[in-house]
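> Quick one, structure for this:
(2 chains)
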2 protein chains.
Amino acid sequence: MAHNFDHTISLLARTPAALDALLRDLPEAWTSRNEGENTWSAIDIVAHLIQAERADWVPRVKIILEFGETKAFTPFDRLGHAREIQGKSMGPLLDEFAGLRSENLAELGRLNLRPEDLERRGRHPSLGTVTLSQLLATWAGHDLTHLHQISRVMAYQYRETVGPWRRYLGVLDCHGHSQAA
Amino acid sequence: MAHNFDHTISLLARTPAALDALLRDLPEAWTSRNEGENTWSAIDIVAHLIQAERADWVPRVKIILEFGETKAFTPFDRLGHAREIQGKSMGPLLDEFAGLRSENLAELGRLNLRPEDLERRGRHPSLGTVTLSQLLATWAGHDLTHLHQISRVMAYQYRETVGPWRRYLGVLDCHGHSQAA
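Predicted structure coming up:
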């Protein structure tokens, strides 16, 4: 399927409000628990999305436009989300994510990308050659992979509570875990 | 983990707004496409949630309160969501889901359940004995399993578009599909 830039923007623009509606003021029993050692809670995931807004998407768009394949992207620090949390609760983190996303989409708009720009190539430090189009599609896919993860992590908290229904809830059998992007 | 009734209600109360923020006016390329034959699109899933509000949760609570284990729940029609769609677009379906959820939570409130009521038992047509507590927890888990499914189905539409990043997006490796509840 060809990449439709407007469809990508439509999704990116909605994610902050969707997470806000789901997570703001939700009891910490849902948002601060994870799936066990070295796994993430919903609050960790929101902090990771903030960090990606700062370091990942628009900065990489600019590297492609300025340097093409001659300069690899800065590797993304998958554990950097801990710095974003720093004792903050969910509400301020959701505000921060929404603000950064809005600024980043405005910045992307100011770049006035033409259709041919989407084919420009950059260099990912481990994946090699990628296109601007793939980068933008991945930004949207990254939102979805973490919405998927949040729903799984929260469902995990009820894995015993649902009793025999456990076998009917597909989310409790999910092993599609996310990795670095 | 003991079942906390208020935590379950907190989640149930938020799902309609979360789906609304994510899906309303999103291009149909995201919401009407599925994962292949005999799979569901986001619009199918919202229609399924509507049908479950009508037929599944509060009606089953009432069967437990009135009949205990002497009367099995009416089996849920997993394909009944097609009747709910009937040419409707996403907007009216989201409105309908939000209205039904709100009515059902109000109805649940009117039942004035006491902690000991949560231990009352009912009979699921295929799972056998279940408790009211498990039924309510499953209502919340069912929201999460379908939020998980929606994020997976939408991400699937970009499985090629993301290019080499595909391997980093856990949602594209998810096989935790939902079944009847």
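
> count of neighbours near residue A:149?
Neighbour count for residue A:149, taken as other Cβ atoms under 10 Å in any protein chain shown: 26. Using the backbone N, CA and C atoms, a C-beta is placed for each residue, glycine as well.

> Could you tell me the angle between the helix or strand it falls within and helix B:132-156?
Residue A:149 belongs to helix A:132-156 when assigned by DSSP states H and E. Taking axes from the mean of the first three to the mean of the last three Cα atoms, to 10 degrees, one finds helix A:132-156 and helix B:132-156 inclined to each other by 170 degrees.

> near chain B, anything from helix A:132-156?
Yes - applying Cβ under 8 Å from any Cβ of the partner chain, one finds helix A:132-156 touching chain B at A:133-135, A:137-138, A:140-142, A:144-145, A:147-149, A:151-152, A:154-155.

> Quick check, pLDDT for residue A:176.
With respect to pLDDT, residue A:176 scores 60.

> quick one: the strands in chain A?
For chain A, the strands defined by DSSP state E occupy A:121-124, A:128-131.

> circling back to that earlier point, so what secondary structure elements neighbour the helix holding residue A:149?
Counting contacts by 3 or more Cβ pairs under 8 Å, 6 or more residues apart in numbering or on different chains; DSSP states H and E, helix A:132-156 is packed against helix A:5-23, helix A:42-55, helix A:57-67, strand A:121-124, helix B:132-156.

> tell me the most buried of those?
Counting by mean count of other Cβ atoms under 10 Å in any protein chain shown, helix B:132-156 has the highest mean neighbour count of the helices and strands packed on helix A:132-156, with a mean of 26.

> picking that back up, quick one: the helices and strands packed on helix A:132-156 as CSV, columns for distance to residue B:76 and mean pLDDT too.
Formatted as CSV, the helices and strands packed on helix A:132-156 follow (distance: least, Cβ to Cβ, whole Å; pLDDT from 0 to 100):
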stretch, distance to residue B:76, mean pLDDT
helix A:5-23, 25, 98
helix A:42-55, 29, 96
helix A:57-67, 41, 97
strand A:121-124, 45, 97
helix B:132-156, 10, 97
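
> right, so of the ones you listed, which gets closest to residue A:80?
In terms of Cβ to Cβ, the element of those nearest to residue A:80 is helix A:42-55, at 4.8 Å.

> That closest one and chain B, are they touching?
No - with Cβ under 8 Å from any Cβ as the criterion, chain B is not reached by helix A:42-55; the gap is at least 11.2 Å.

> Let's have the helices and strands packed on helix A:132-156 in JSON lines, adding distance to residue A:87.
Converted to JSON lines, those look like this (distance: least, Cβ to Cβ, whole Å):
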{"stretch": "helix A:5-23", "distance to residue A:87": "17"}
{"stretch": "helix A:42-55", "distance to residue A:87": "11"}
{"stretch": "helix A:57-67", "distance to residue A:87": "26"}
{"stretch": "strand A:121-124", "distance to residue A:87": "33"}
{"stretch": "helix B:132-156", "distance to residue A:87": "27"}
